[in-house]
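take this sequence and fold it.
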Amino acid sequence: MGFMLESKKVKRTGFVPVFVAGGIISALIPVLNMAVRHKIYTNTNASPVNILFDANWSIMAMLNVLLIVMCACIIYNSEYTDNAIQKMRMLPVHESNMYFGKLALIILMCIAVFIIESCGIVFCIDYWFTGSTGTWHLLFKSFVYEMVLIIPAVLFSLFIASAFKNMWITLGTGVVCVFMATMLPTDNFVLSLFPFAMPFQIFTNTAPDTINRFIIAAVIESAVIIVMELLLIKIRRISE
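Alright, predicted model coming up:
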C-alpha cells in the first residue's frame, strides 16, 4: 500500500528520470576510462572485475550516494510543499508506512541503477578483456555486496530529509556528509562505518572476514537508523 502510494506521488517530481540519468552517467565512467587508458589496464594480470572496480568504483560510488541524497530531498520536498504531510496525518495512514514506502521505492531504483552500471562494466569486460574465468559470478557478488552496503546510506538520507522541512538544508547536509565520506580512508574499518562511507567499499580483494564485518555493520546501522526514524516520527507527532 505504502509503496504504491509513494510511486504515484513521485510521477511528476522527476524522481525516476534523475535515477535513470544518474545510472547512465555512472555506467559511462568505466567505459570512458577504458577507452582512454585500456592499454594500462589490459596489461595487468588481475581479474577484469577487480581492475574495473579498483579504477572506477570510488567515483561511481560517490555519484550513487549523491544521487540518493538528491532523490531523498525530492521525495520529501513534495511532502512538505503546501503542508501535504500534515494533511496526510489526518488520514488513516501511518506516517511510518509512508517512510517505508519511500525506502522501498529508493531501494528499487538503486537496484535499477546497479543494473545499468553492471551493463557498463559488462561492456568493458566483453570489449577489452578476453579469456576471463569466473568473471560474471564475481561481478554479481560485487553488486550484491554494494547493494547491502548502500542501504544504510539510503536510510540515513531519508532520515535527514524527513527531519528538515527546508529542502536546501537537507541537500546541503547530505552533500557535506558525502564529501566528508570521500575524505575518510577506506582501509580504516571504524571510520568506514559512516553510512555514506560504506558504499565506497569493494568486494574484490577484500578479506572474507572484513566483508562479513561490513555486512553485519550494515544490518546493525540500518536497524538503528530505522529506530531513530520511528522515534522522530513519534516525537514530531506529539510536538505538532
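
and the host helix or strand of residue 38, which residues are buried?
Using DSSP states H and E, residue 38 maps to helix 15-42. Buried residues in helix 15-42, counted by 16 or more other C-beta atoms under 10 Å: 15, 18-19, 22-23, 26-31, 33-34, 41. In short, each C-beta sits where N, CA and C put it, glycine included.

report the rounded mean pLDDT for that helix.
Mean pLDDT, helix 15-42: 88.

quick one on the thing from earlier: what's the farthest-apart pair in the buried residues of helix 15-42?
Put simply, by C-beta to C-beta the two of these set farthest apart are 15 and 41, 35.1 Å from each other.

residues in contact with residue 54?
By C-beta atoms under 8 Å, 6 or more residues apart in numbering, the contact set of residue 54 is 202, 204-205.

to clarify, my last question referred to residue 128.
Residue 128 neighbours (C-beta under 8 Å, 6+ apart): 34, 38, 41-42, 48.

including distance to residue 76, could these go into JSON lines?
Shown next, in JSON lines, are these (distance: C-beta to C-beta, whole Å):
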{"residue": "34", "distance to residue 76": "37"}
{"residue": "38", "distance to residue 76": "42"}
{"residue": "41", "distance to residue 76": "41"}
{"residue": "42", "distance to residue 76": "45"}
{"residue": "48", "distance to residue 76": "39"}
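
give me the neighbour count for residue 229.
For residue 229, the neighbour count with other C-beta atoms under 10 Å is 21.

distance of it from residue 163?
Using C-beta to C-beta, to the nearest Å, one gets 9 Å for the distance from residue 229 to residue 163.

with residue 172 instead?
Taking C-beta to C-beta, one finds residue 172 at 13 Å from residue 163.

equivalent analysis for residue 58, please.
Remark: distance between residue 58 and residue 163 (C-beta to C-beta) = 28 Å.

so, low pLDDT: which residues of the chain?
Low-confidence segments of the chain (pLDDT under 70): 1-3, 5-6, 82-95, 131-134, 239-240.

can you give me the helices in the chain?
2-9, 15-42, 48-80, 84-88, 95-128, 135-163, 167-183, 208-239 (DSSP state H).

of those, which is nearest residue 192?
helix 208-239 (7.6 Å).

how far away from the center of its chain is the closest one?
Computed by C-alpha atoms, centre = their mean, to the nearest Å, the separation of helix 208-239 from the middle of its chain amounts to 15 Å.

show me what it is packed up against.
If contacts are counted by 3 or more C-beta pairs under 8 Å, 6 or more residues apart in numbering; DSSP states H and E, helix 208-239 sits against helix 95-128, helix 135-163.

for the shortest one, what is the distance to the chain centroid?
Mean C-alpha position of helix 135-163 versus that of the full chain (C-alpha atoms, centre = their mean) differs by 5 Å.

let me know the angle separating that helix from helix 167-183.
Computed by axes from the mean of the first three to the mean of the last three C-alpha atoms, to 10 degrees, the angle separating helix 135-163 from helix 167-183 equals 140 degrees.

give me the angle between helix 135-163 and helix 48-80.
Orientation check (the same axes, to 10 degrees): helix 135-163 against helix 48-80 gives 20 degrees.

how about the first one?
Counting by the same axes, to 10 degrees, helix 95-128 lies at 150 degrees to helix 48-80.

about what we covered before: most tightly surrounded among the helices and strands packed on helix 208-239?
Among those, helix 135-163 has the highest mean neighbour count (mean count of other C-beta atoms under 10 Å), at a mean of 21.

chain center to stretch 149-167, what's the gap?
That offset, for stretch 149-167, works out to 11 Å (C-alpha atoms, centre = their mean).

residues in contact with it?
By C-beta under 8 Å, 6+ apart, the list of residues contacting stretch 149-167 from outside reads 64-65, 68-69, 72-73, 75-77, 80, 99, 102-103, 106-107, 110, 170, 173-174, 177, 195-196, 198-199, 201, 214-215, 218, 221-222, 225-226, 228-229, 232-233.
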